[in-house]
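Colleague: Quick one, structure for this:
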Amino acid sequence: MSFDDENLCIGILGLGYVGLPVAVAFAEKYRTIGIDIDENKITTLRSGEDPSQELSSEQLSSVNIEFTSDFQDIAPCNIYIVTVPTPVDDFKVPDLSSLKKATELIAHHLKVGDYVIYESTVYPGCTEEICVPILEKISDLKFKSDFKVGYSPERINPGDKVNTIKNITKVVSGCDEESSKNIAKLYGSIIDADIHVAGSIKVAEAAKIIENTQRDVNIALMNELAILFDRLDINTSEVLEAARTKWNFLNFYPGLVGGHCIGIDPYYLTYKAHQVGYQPEVILSGRAVNYEVPKFIANKIVHKLLDLKKNLHNSRVLIKGLTFKENINDVRNSRVFDLVQELTFYKVKVDVVDYNVRHDQFDTDINFIDTPVGKYDVLILAVPHKAYLEEDTNDWKPYLDDSAIIYDVKSKFKSKVLGSNYIYYAL
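Modeller: Residues are numbered from 1 along each chain as shown. Predicted structure coming up:
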C-alpha cells in the first residue's frame, strides 16, 4: 500500500465531535467510510445535518462520506481511525469498552498491510497493551510485520470555529519508523498546520493526557483561590485582572469543570500511575477541588437566601445553561447537573433553561424548561452561551424578583449587573 495513493480507503469509527471533522477532512481527498453504532445519528448525518452542530450542512454536503452503522461496510478500508469515546465509570476507572469493541470489529476485517490509528484519549501504553493484542488475536495477523498501528491524539475543541482540525498542529506516532513516516504523510495530506512526529506511541498518548490534566490543575488552582477569596471578602475577578498585568501570568479562570476531556482525562493518568505503584498528589488534589465547586456555589446561594430571610422551600432558582461549556449542545458530564442536585438537596425549586439543548438529550430527573415562568429569587448564569451574553438586566425583569440574587459562574456579566438592584456574586 502506497501512502501517496489517492485510492486509499479510510474508515472512521465513531462520528462524534472528533470523528466527524476527521472524516470530512479525509473525504476531501480519499474514499471515506464513517461508522457509528447510533443508527439515529447515521440517519441524521445522511440527511446532511450534524447532531453535534459542529459542522454546517454545507460542510457535510461538500464531501462524499459513506455513513453506515453496519460494520460489514468497513471491509474495503485499509486505514482505520478510531475516534470512539473513552469515558470513566462511576468509580472514576477508565471505561475502555467502546475502544475494545471498535478494535474487535476492525480485527475481523484486518488485512496484511493495513493500518489502525487511534485518536481516542487513553492512558500511556493502552494502544500497545490493550488494543494490539486484540487485533492480533482476532485477525491472526502479526503486529508490525503484517499490520501497523499508530496513535494521533485528537485536538478538537467543541464550539471553536477558529482552531479547527486543519490548522491545529497534529501530533502523530507509529509503532516503528516506517509507520511514523507514513502516518505523518497521511495526516500531512489533509492538514495545513505542522505535523509533529512523537518518538513513540506512548509519548503521543501521554502528550494528549497532560494537555487536559494541565488545564484541570490550573483551573483547580483558580477555583481554590476563588473559594479562599470568598472567605476573605475579596473579589476574585478583580484579583485576576490585576495579576494578569504581569507578562507571564497564566490566563486561567475559575469555573465548573466538566465535559469529556478536562473532567475525565486526569483519571486516565492517575489510573496508570496506580498501576505502576505511584500515588499522584497534585493531579488528584486538583480533581478534588474542581469536584467541590458545585457544592460551594450551592452553599453560597443557600446561605444568602437564609440571610435574606427567604423560605428555602418557597425559593425559586433559574439556571441558564446546561451544557459543559458555552456555544455547544453537549451535556455529557456537565457539572450543572451536580449544581442542580446540590440545590435541590436544600428543597430549593430549580428550573434549567438552555436553548442549545433538547429534552431528549439526557435522562437525569431535572426540571428542564423552554421558557421561564413566574418570578425567581436567584438567577445562576452557569454557561455563557453567545445569546446569553447579549442579554442585559432588562431581559431578566419579566422573570426575576426585583432584588434577586445573580450568581455569575464565569464572571461575564458584572458590568451589566452593577448599578442594578440585584445582588451580584461571581465565582
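Colleague: which residues in the stretch 301-427 of the chain form helices?
Modeller: In the stretch 301-427 of the chain, the segments counted as helices under DSSP state H, counting those that start in this stretch are 336-345, 386-389, 393-396, 414-417.
Colleague: Out of those helices, which gets nearest to Ile262?
Modeller: Closest approach to Ile262 among the helices of the stretch 301-427 of the chain (CB to CB): helix 336-345, 14.9 Å. No exception for glycine: its C-beta is placed from N, CA and C like everyone else's.
Colleague: Tell me how far the closest one lies from the chain's centre.
Modeller: 21 Å (CA atoms, centre = their mean, to the nearest Å).
Colleague: Need the contact partners of it.
Modeller: Residues from elsewhere that reach helix 336-345 (CB atoms under 8 Å, 6 or more residues apart in numbering): 256, 258, 294-295, 297-299, 301-302, 317, 319, 321-324, 331, 350, 352, 362, 364, 366, 380, 382-383.
Colleague: now with 7 Å?
Modeller: Outside helix 336-345, the residues within contact range by CB atoms under 7 Å, 6 or more residues apart in numbering are 256, 294-295, 297-298, 301, 317, 319, 321-322, 350, 352, 364, 366, 382-383.
Colleague: what pLDDT, on average, does stretch 352-367 get?
Modeller: Averaging pLDDT along stretch 352-367 yields 93.
Colleague: what separates it from the chain centre, distance-wise?
Modeller: Remark: stretch 352-367 is offset 18 Å from the chain centroid, using CA atoms, centre = their mean.
Colleague: Which neighbouring elements make contact with whichever strand or helix holds Leu240?
Modeller: Using DSSP states H and E, Leu240 sits within helix 236-243. On a contact count with 3 or more CB pairs under 7 Å, 6 or more residues apart in numbering; DSSP states H and E, helix 236-243 meets helix 201-231.
Colleague: tell me the angle whichever strand or helix holds Lys295 makes with helix 201-231.
Modeller: For Lys295, the host element (DSSP H and E) is helix 282-307. Using axes from the mean of the first three to the mean of the last three CA atoms, to 10 degrees, the inter-axis angle of helix 282-307 relative to helix 201-231 is 30 degrees.
Colleague: just checking, what packs against helix 282-307?
Modeller: The contact analysis (3+ CB pairs under 7 Å, 6+ apart) places helix 282-307 against helix 201-231, helix 265-275, helix 336-345, strand 400-408.
Colleague: possible to save those as JSON lines with mean neighbour count, distance to Lys246 and mean pLDDT?
Modeller: JSON lines is the format used below for the helices and strands packed on helix 282-307 (neighbours: other CB atoms under 10 Å; distance: least, CB to CB, whole Å; pLDDT from 0 to 100):
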{"stretch": "helix 201-231", "mean neighbour count": "19", "distance to Lys246": "15", "mean pLDDT": "97"}
{"stretch": "helix 265-275", "mean neighbour count": "20", "distance to Lys246": "27", "mean pLDDT": "96"}
{"stretch": "helix 336-345", "mean neighbour count": "20", "distance to Lys246": "32", "mean pLDDT": "97"}
{"stretch": "strand 400-408", "mean neighbour count": "19", "distance to Lys246": "25", "mean pLDDT": "95"}
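Colleague: Of all the ones you listed, which one is nearest Phe143?
Modeller: So among the helices and strands packed on helix 282-307, helix 201-231 is nearest, using CB to CB, at 11.7 Å.
Colleague: The closest one: how far from the chain's middle?
Modeller: Remark: helix 201-231 is offset 14 Å from the chain centroid, using CA atoms, centre = their mean.
Colleague: Stretch 371-382 too?
Modeller: On CA atoms, centre = their mean, the centre of stretch 371-382 falls 27 Å from the chain's centre.
Colleague: Report the rounded mean pLDDT for that stretch.
Modeller: 97.
Colleague: any residues touching it, and which ones?
Modeller: 256, 301, 305, 310, 315-321, 336, 339, 351, 353, 388, 396, 399-401, 404-409, 412-413.
Colleague: residues of that stretch that come out buried?
Modeller: Pro372, Tyr376, Asp377, Val378, Leu379, Ile380, Leu381, Ala382 (16 or more other CB atoms under 10 Å).
Colleague: now swap in stretch 110-124 and tell me
Modeller: Leu110, Asp114, Tyr115, Val116, Ile117, Tyr118, Glu119, Ser120, Thr121, Val122, Tyr123, Pro124.
Colleague: That stretch: end-to-end distance?
Modeller: With CA to CA, to the nearest Å as the measure, stretch 110-124 spans 24 Å from end to end.
Colleague: swap in stretch 271-284?
Modeller: Per CA to CA, stretch 271-284 runs 11 Å from first to last residue.
Colleague: Now find how far off-centre that stretch is within its chain.
Modeller: With CA atoms, centre = their mean as the basis, stretch 271-284 stands 23 Å off its chain's centre.
Colleague: mind starting the numbering at 516 from now?
Modeller: Fine by me, first position is 516 from now on; the one you just mentioned is stretch 786-799.
Colleague: Tell me which residues are up against that stretch.
Modeller: With CB under 7 Å, 6+ apart, stretch 786-799 has contacts from Val608, Pro609, Tyr638, Pro639, Gly640, Thr728, Val732, Pro781, Leu784, Thr785.
Colleague: Might you list the low-confidence residue ranges for the stretch 566-715 of the chain?
Modeller: Along the stretch 566-715 of the chain, segments meeting pLDDT under 70 are nowhere present.
Colleague: could you dump stretch 701-715 to PDB, C-alpha only?
Modeller: The C-alpha trace of stretch 701-715 is given here as PDB (Å, rounded to 0.1, in the frame of the first residue of the first chain):
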ATOM      1  CA  LEU A 701      -1.200  10.700   5.600                       C
ATOM      2  CA  TYR A 702      -2.300  13.500   8.000                       C
ATOM      3  CA  GLY A 703       0.000  15.900   6.300                       C
ATOM      4  CA  SER A 704      -2.000  15.400   3.100                       C
ATOM      5  CA  ILE A 705      -5.200  16.900   4.700                       C
ATOM      6  CA  ILE A 706      -3.800  19.300   7.400                       C
ATOM      7  CA  ASP A 707      -2.400  22.800   6.700                       C
ATOM      8  CA  ALA A 708      -0.700  23.100  10.100                       C
ATOM      9  CA  ASP A 709       2.500  21.400  11.200                       C
ATOM     10  CA  ILE A 710       2.900  17.700  11.800                       C
ATOM     11  CA  HIS A 711       4.800  16.800  15.000                       C
ATOM     12  CA  VAL A 712       6.100  13.200  15.000                       C
ATOM     13  CA  ALA A 713       6.300  11.900  18.500                       C
ATOM     14  CA  GLY A 714       9.100   9.500  19.400                       C
ATOM     15  CA  SER A 715       6.700   6.700  20.300                       C
END
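Colleague: All set now, cheers.
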